[in-house]
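>>> Sequence and predicted model, in that order:
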Amino acid sequence: MTTDIAVAVRQSEPDPHVLESSPDEPLHALKHSDDAQRLQTIHGVGPTVWLSLPEGATRQVTWGQPWQYRSAAYWVAITKEWQVARAVEARPHRLAGTFAEEVVACLLGGHGITYEMNMAAFRAIRDADLIDDRVVPDAKMIAEVLKQPLTINARQVHYRFPNQKSVRIANALRHIHASATPGDALEARSWLMTLDGIGPKTASWIVRNFYGSDCVAIIDIHIMRAAIEAHIFDPRWSPTRDYWLMESAFLQWAKIGNVSAADLDAVVWVEQATIARRGGRAANARVPGEQVQSAQPRRSQ
């Protein structure tokens, strides 16, 4: 599903109207200059890269500079800082411990389900011992747990779609308990996609988390918006039709930037989700040198 990367890089012609920092000026100082807002909207500066896509296709991408807010280079720079901050963690993206638990945690995510609700529902099922391989998976028992109020930040909420999710979770657990855990991330993804209710996005999420795999990409709305804005994705691409094409482009973005694809995904997702929670209002642009917030593992799709 991934392709060999053939990347040609050429330096763009300098734009005489672009403010550039001097070699001695720290990049973080630009955020506090009068031109900070202007820097966020600059296009066409920096190197151009070529992505080698499936079936011999190529895509030209303006890479940008690290201080260009939301450019391809910006996301790579922020990811590198996040990697330094999280270097001590062996599995920074896992939601749970075992493979079965990770599958359940990810199946509980979904559109309109927050990370907090996702994890509260997971803990309720786990604490009821319904994931244990000594227990026969029962959709009705799982649904009863999911229908109980969940306490989040001192208030009670109800989980969405308890009946639908309980059936999918019970089905997945039956297959997991009857099989050996796949040892390879891509093999595991293919196997997971044979199960009801698990498509390429959810399967990729599970194996990214559990295996720490950099061979998959989780193409959801947040990743799509950022990748389109950074010119990595063609806005005409659709996950339902072009998932493997989009995954290939995303993985090359990470490889060209010399960062983990799993980490790039997490960093992009957190900032995009934060913007969405603020009603579409972007946070102030971060530039290398600023503190990077700790990215939560992917919680809801």
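Arrived safely, thanks for sending.
>>> Give me the pLDDT for Ser179.
Per-residue confidence (pLDDT) for Ser179: 84.
>>> Now do the contacts for it.
Trp191 (Cβ atoms under 8 Å, 6 or more residues apart in numbering). Where C-beta positions appear, they are placed from N, C-alpha and C, glycine not excepted.
>>> Check Ile206 too.
Taking Cβ under 8 Å, 6+ apart as the test, what Ile206 contacts is Glu102, Val103, Cys106, Ala188, Arg189, Leu192, Ile198.
>>> Enumerate every residue touching the second one.
Okay, so that is Val103. Ala172, Leu173, Ile176, Leu192, Ile206.
>>> The first one: which element?
In other words, Ala172. Assigned by DSSP states H and E, Ala172 belongs to helix 162-177.
>>> where does Trp50 fall, phi/psi-wise?
Dihedral pair for Trp50: phi -120, psi 120, per degrees, to the nearest 10.
>>> Equivalent analysis for Ala154, please.
According to degrees, to the nearest 10, Ala154 has phi 70, psi 20.
>>> Kindly indicate which of the contacts of Ile206 lies nearest Ile131.
Checking the contacts of Ile206 against Ile131 with Cβ to Cβ, the nearest one is Val103 at 9.0 Å.
>>> tell me how far the helix or strand harbouring the closest one is from the chain's mean position?
Here Val103, judged by DSSP H and E, is contained in helix 99-107. Here helix 99-107 is found 16 Å from its chain centre; the criterion is Cα atoms, centre = their mean, to the nearest Å.
>>> Which SSE is immediately downstream of it?
Of the helices and strands lying after helix 99-107 in sequence (DSSP H and E), the nearest is helix 115-127.
>>> elements contacting that next one?
helix 99-107, helix 139-146, strand 150-152 (3 or more Cβ pairs under 8 Å, 6 or more residues apart in numbering; DSSP states H and E).
>>> Can you say which of those is packed in most?
Using mean count of other Cβ atoms under 10 Å, the stretch among the helices and strands packed on helix 115-127 with the largest mean neighbour count is helix 99-107, at a mean of 25.
>>> quick check: angle from it to helix 139-146?
With axes from the mean of the first three to the mean of the last three Cα atoms, to 10 degrees as the basis, helix 99-107 and helix 139-146 are set at 60 degrees to each other.
>>> C-alpha coordinates for helix 99-107, CSV please?
Taking C-alpha atoms only, helix 99-107 is exported to CSV below (Å, rounded to 0.1, in the frame of the first residue of the first chain):
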residue,chain,number,x,y,z
PHE,A,99,-4.6,-5.9,21.8
ALA,A,100,-8.2,-6.7,22.7
GLU,A,101,-8.4,-3.7,25.0
GLU,A,102,-7.0,-1.4,22.3
VAL,A,103,-9.6,-2.7,19.8
VAL,A,104,-12.4,-2.1,22.2
ALA,A,105,-11.1,1.4,23.1
CYS,A,106,-10.9,2.4,19.4
LEU,A,107,-14.3,0.9,18.6
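>>> what's the burial count for Val136?
12 (other Cβ atoms under 10 Å).
>>> Could you check the pLDDT of the residue nearest to Phe250 when sequence neighbours are not counted?
Using Cβ to Cβ, 6 or more residues apart in numbering and skipping residues adjacent in sequence, the residue nearest Phe250 is Ala217, 4.0 Å away. We have a pLDDT of 93 for Ala217.
>>> which one of the contacts of Val103 has the most neighbours?
Ile206 (28 neighbours).
>>> how would you label Gln60: helix, strand or coil?
Following DSSP: H, G, I helix; E, B strand; the rest coil, the label given to Gln60 is strand.
>>> mind giving me the domain split of this protein?
Per automatic domain parsing, the domain ranges recorded for the chain read 10-89+243-277, 99-211.
>>> Compare the ones you listed and report which one is nearest to Ala227.
domain 10-89+243-277 (6.4 Å).
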